[in-house]
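**Student:** based on what follows, work out the 3D shape:
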Amino acid sequence: HLTTSLPLPSEKHHLRPKIDLIVFLIDIKSKYSLQNVEASLPHVNASFFLGKVYFLVTGVGRVDCCSVEMNAVWKLGEAYHSPVLLCELELEGVRSATAQRLLRILEICAGHVPGVSALSFSSLMRNSADD
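**Tutor:** Here you go, the predicted model:
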């Protein structure tokens, strides 16, 4: 399911499926996208940040068109203890690899990968980004 911002509408709340993963999309070419993500973050339950929230930054191949400072994005990931993934949607191979990666992360967050928890996987993702 996709939404442009949080909180989700309260109508039909009882019909909404369980949320296993939240991926906040930040377009590096749009300050509005970062502002929208920052405004949505307070609507996420604090316990959800334990391995089930990711920040996906698009447009990283076009640093000449940046409206968002990457330092602000890295600080956001650090403040919310959530991994930051980088993607260039204009490149088919990168787009496909990122989609596959997100599907694998979703499988882990939904509990479909035995022996791997969302929290442990998220910690590995954050630690590998620090290297």
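**Student:** from here on, contacts and neighbour counts on C-alpha atoms
**Tutor:** Will do.
**Student:** doesn't residue 55 fall inside a strand?
**Tutor:** Yes - assignment of residue 55 by DSSP: H, G, I helix; E, B strand; the rest coil places it within a strand.
**Student:** start at 41 instead
**Tutor:** With 41 as the first residue, the last one maps to residue 95.
**Student:** give me the neighbour count for residue 137.
**Tutor:** When neighbours are defined as other Cα atoms under 10 Å, residue 137 has 12 of them.
**Student:** secondary structure element holding it?
**Tutor:** Assigned by DSSP states H and E, residue 137 belongs to helix 132-149.
**Student:** do you have the helices of this structure handy? List them.
**Tutor:** Here the chain has its helices, by DSSP state H, at 71-80, 110-119, 132-149, 158-170.
**Student:** can those helices go into JSON lines with extra columns for mean pLDDT?
**Tutor:** Converted to JSON lines, those look like this (pLDDT from 0 to 100):
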{"stretch": "helix 71-80", "mean pLDDT": "93"}
{"stretch": "helix 110-119", "mean pLDDT": "92"}
{"stretch": "helix 132-149", "mean pLDDT": "93"}
{"stretch": "helix 158-170", "mean pLDDT": "72"}
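**Student:** that concludes my questions; thank you for your assistance.
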